[in-house]
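Visitor: next one to model:
(one chain, ligands or ions: 2)
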Amino acid sequence: MHPLCREFSPVVTEPNIKLRERCEHVIDIPRVVDNGNIGPVNSALVPRYSGDATFALLPRLRDLKTEARSADIKIVGASFDTGVSYRPGARFGPAHVRQSSRLLRPYNPATGTSPFAQVQVADAGDMAINPFNIAEAIATIEEDALALTADGGSLLTVGGDHTIALPLLRAASKRAGKPVALLHFDAHLDTWDSYFGADYTHGTPFRRAAEEGIIDASALCHVGTRGPLYGKQDLNEDAAFGFGIITSADIFYKGIQEIITMLRERIGDRPLYISLDIDVLDPAHAPGTGTPEAGGLTSREMLELLRGLRGLNLVGADVVEVAPAYDHAELTGIAASHLCYELLTLMADLRAT
Ligand code: MN
Ligand code: MN
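Guide: Numbering: from 1, shown residues only. Ligands and ions are numbered 1, 2, ... in the order given. Sure thing, here's the model as predicted:
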């Protein structure tokens, strides 16, 4: 034997009975079980930086299913970025948001609720989407969204580029049985007609949705828009579809409370879909995205806007355009994961009451 080599002798240790005795359902690691709902990995017993990166360390839907359980709210990844016009990379968004969500804790002091105890929440993994065929990708996303909500559950989708909002809106309006109200948080309008002759891109989903009649023309609003456009006709065409616009500057001048009041009045009790492009945040708060624009919201402002929507009839939501290759120190991932957490809080609160 070479003198630098040591003979391998396997170390035999007793199994960690103590830890395994603490095991809860689903998988053999301890979880927070509250109100009968299986929650995140118990980070007092397992370091939160180890193990699988599910969203907020929640159980996987497939693991719940092995115990014949399902989830009231599912969070799913749509890893697709074939619709982008500038920087690619949002296909890696779901994995990045999950990794950045490890520090989320079960109790939300902003609402005084524990969303993962109010109802069962689970990570449904990622949709398997064709990256070479946008039409097929859109069809897959709609089918999967319908399948995941067939039991009446709520769905939060993490993108992926903004193309995915169209099939998600189709599914949401089918489930609602009518066109849905839309709050669209984004630096951009995303109501352009086509790009290089392509009708289905991340810059066109809400024009297609308006044309298809799946969004309620009396309750549509872009929030956080800013940055240069191709021309004044962009705004004219957008307004013709019924969209209201609250610009990033409006939020600065009017303040969060007034904006919340305006949004709540516009939405009323209609079924509401929220589509949140992470580029609504300033690049200082979310550099990891495809088409950044200066002068955006802070993550604090965006979190407060979502908290102000408590009690509205939220039927579905997405957080899109997280592109981790341009992120630094998980800034964008952390912002996105906290925004997802607030959306889950809204959904859980609604279902529990
Ligand atoms: Mn955008
Ligand atoms: Mn967008």
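
Visitor: around ligand 1, pick out the residues from the stretch 51-200 of the chain.
Guide: D186, A187, H188 (CB under 5 Å from the ion). All C-beta spots, glycine's among them, are computed from the backbone N, C-alpha and C.

Visitor: could those residues go into a markdown table alongside secondary structure?
Guide: Output for those, formatted as a markdown table (DSSP: H, G, I helix; E, B strand; the rest coil):
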| residue | secondary structure |
| --- | --- |
| D186 | coil |
| A187 | coil |
| H188 | coil |
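
Visitor: the closest residue to R69 other than its chain neighbours and A44, how far apart?
Guide: Once flanking residues are discounted, R69 sits nearest to Q120: 7.0 Å by CB to CB, 6 or more residues apart in numbering. Distance, Q120 to A44, using CB to CB, to the nearest Å: 21 Å.

Visitor: the two - which one has more neighbours?
Guide: With neighbours defined as other CB atoms under 10 Å, Q120 and A44 compare such that Q120 has more, 24 against 9.

Visitor: contacting residues for that one?
Guide: Q120 makes contacts with N37, I38, L64, R69, S70, A71, D72, I73, as judged by CB atoms under 8 Å, 6 or more residues apart in numbering.

Visitor: just checking: what are the partner strands of the helix or strand encompassing the second one?
Guide: Put plainly, it is I38. If you go by DSSP states H and E, I38 is part of strand 37-41. Applying DSSP bridges, strand 37-41 is found paired with strand 31-34 (antiparallel).

Visitor: right, and the helix or strand after the strand holding I38?
Guide: Counting by DSSP H and E, the next helix or strand C-terminal to strand 37-41 is helix 61-65.

Visitor: dump that next one to CSV, restricted to CA.
Guide: Coordinates of the C-alpha atoms in helix 61-65 are reproduced here as CSV (Å, rounded to 0.1, in the frame of the first residue of the first chain):
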residue,chain,number,x,y,z
LEU,A,61,-46.8,17.5,-3.0
ARG,A,62,-45.7,14.1,-4.2
ASP,A,63,-44.6,13.1,-0.7
LEU,A,64,-48.0,14.2,0.6
LYS,A,65,-49.7,12.1,-2.0
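
Visitor: how far does it sit from its chain's centre?
Guide: How far helix 61-65 lies from its chain's middle: 20 Å, per CA atoms, centre = their mean, to the nearest Å.

Visitor: show me what counts as buried in that helix.
Guide: Buried residues in helix 61-65, counted by 16 or more other CB atoms under 10 Å: L61, D63, L64.

Visitor: how about stretch 152-170?
Guide: Neighbour-count burial for stretch 152-170 [16+ other CB under 10 Å]: 153-170.

Visitor: pairing partners for the longest strand anywhere in the chain, with directions?
Guide: Using DSSP state E, we find that the single longest strand of the chain is strand 215-225. Sheet pairing of strand 215-225 (DSSP bridges) gives strand 180-185 (parallel), strand 243-247 (parallel).

Visitor: that one - what's its average pLDDT?
Guide: Strand 215-225 comes out with an average pLDDT of 98.

Visitor: is any residue of that strand near ligand 2?
Guide: No - Strand 215-225 does not reach ligand 2 (CB under 5 Å from the ion); its nearest approach is 9.7 Å.

Visitor: got the buried residues for whichever helix or strand comes after that strand?
Guide: Heading C-terminal from strand 215-225, the first helix or strand you meet, by DSSP H and E, is helix 232-240. Of all the residues in helix 232-240, those buried under the rule 16+ other CB under 10 Å are D234, E237, D238.
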